[in-house]
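**Student:** attaching a predicted model along with its sequence, questions to come.
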Amino acid sequence: MTDELTLPPVTAPYLLPFHYGALHNIGVDHLVDPGPVRAALAAHHPDLTAADFGGRACVTLNYQLYFAQYPNGGGITQEIEYSVVAHPTASAGRLARLSYEEYARGYDQTKLLGIARLHVLCDNPLAIAAGTALFGEPKYPAWFRAAMPSPNGPAGESWDIVCKEAVASESGDGIDRRDRTLFSLSADLTGLPGTPVNSTPITGYGTDAGGRPLAGPLHVYQPYRFFPLAAADAGRVRLTVHDSGSRIGTDIAALVGGAPAAGAWSFQSSPVAAHHRPYYVPRAG
């Protein structure tokens, strides 16, 4: 039986599916020159082809803050995926021709157009190990300073993410933070009309240690909000490389350069409870 007819193993101690208790997610897409993107895919994911949106490829970054509950407690993870929108080369004949906005609005119901991960930076060693083992993600340590919309903060739709260098601790149980900033991403979407879109499941592509391509879907059970960015909105999104010598900095410069963002998308889990303002109780007597 060939690999294509079997499922990849799920080794202990992992269980799938992995359930998110809460998710806060901002993504930004850039339409770029396809030449460097094709070269990057050939090096990292040779069985995938970059999506063609009117002669442009799409490089996408998405930041995630998520909570997961386990039998013995809970954990919070932050990560950024830096990816190319791509599809399996062998399945090209199944894809309709789509514009970028059609793709962003969820028109590809085959879900073959997914994210081919080039870098996944993460602050949780357990998530790094699981993503690498289960999904073939190129995942390694980083840490983050993040500000985002919140019902416990001022009104607005502003995101500011700073990604900083980290290394695995000697024990393997944590990460050691470094001061060096790798890159930052900011998006002020306040006042823009976000459109609810049914864009999930998002297919995430990886390549395992044996060179076999893997695909894993992420289901988000409520709509995302999509923000198409016209030329007049280009200044609302800023992607800044602070360390051009880092792996991620080198890739951003090579693939994105100064290309403006074409669209942004976000999802935030709804609050499930609220602790309200106290009131005075009359005193006895």
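**Tutor:** Great, that's in hand.

**Student:** show me where the stretch 101-250 of the chain has its helices.
**Tutor:** Assigned by DSSP state H, counting those that start in this stretch, the helices in the stretch 101-250 of the chain fall at 125-135, 247-255.

**Student:** and the first one, what does it pack against?
**Tutor:** The elements that helix 125-135 packs onto, with contact taken as 3 or more CB pairs under 8 Å, 6 or more residues apart in numbering; DSSP states H and E, are strand 73-88, strand 114-122, strand 139-147, strand 213-218. Just so you know, the C-beta spots here come from the backbone N, C-alpha and C atoms, and that holds for glycine as well.

**Student:** mean neighbour count added to the ones you listed, as JSON lines?
**Tutor:** Shown next, in JSON lines, are the helices and strands packed on helix 125-135 (neighbours: other CB atoms under 10 Å):
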{"stretch": "strand 73-88", "mean neighbour count": "20"}
{"stretch": "strand 114-122", "mean neighbour count": "24"}
{"stretch": "strand 139-147", "mean neighbour count": "18"}
{"stretch": "strand 213-218", "mean neighbour count": "17"}
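
**Student:** closest one to residue 102 among the ones you listed?
**Tutor:** Nearest to residue 102, of all the helices and strands packed on helix 125-135, is strand 73-88, at 12.4 Å by CB to CB.

**Student:** average pLDDT for stretch 189-199?
**Tutor:** Averaging pLDDT along stretch 189-199 gives 95.

**Student:** which residues does it contact?
**Tutor:** The contact list for stretch 189-199, computed with CB atoms under 8 Å, 6 or more residues apart in numbering, reads 104-106, 156-159, 223-228, 233, 236, 264-266.

**Student:** got the contact list for residue 114?
**Tutor:** Neighbours of residue 114 in contact, by CB under 8 Å, 6+ apart: 85-87, 202-205, 215.

**Student:** of the contacts of stretch 189-199, select the buried ones using a PyMOL command.
**Tutor:** A single PyMOL command selects the buried members of the contacts of stretch 189-199 (16 or more other CB atoms under 10 Å):
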select buried, resi 104+105+106+157+158+159+224+225+226+227+228+233+236+264+265+266
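
**Student:** before we move on, back to that, for the helices and strands packed on helix 125-135, give me CSV that also has mean pLDDT.
**Tutor:** Formatted as CSV, those follow (pLDDT from 0 to 100):
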stretch, mean pLDDT
strand 73-88, 97
strand 114-122, 98
strand 139-147, 98
strand 213-218, 96
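
**Student:** can you put the ones you listed in JSON lines and add distance to residue 241?
**Tutor:** What follows is those, written out as JSON lines (distance: least, CB to CB, whole Å):
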{"stretch": "strand 73-88", "distance to residue 241": "12"}
{"stretch": "strand 114-122", "distance to residue 241": "13"}
{"stretch": "strand 139-147", "distance to residue 241": "14"}
{"stretch": "strand 213-218", "distance to residue 241": "27"}
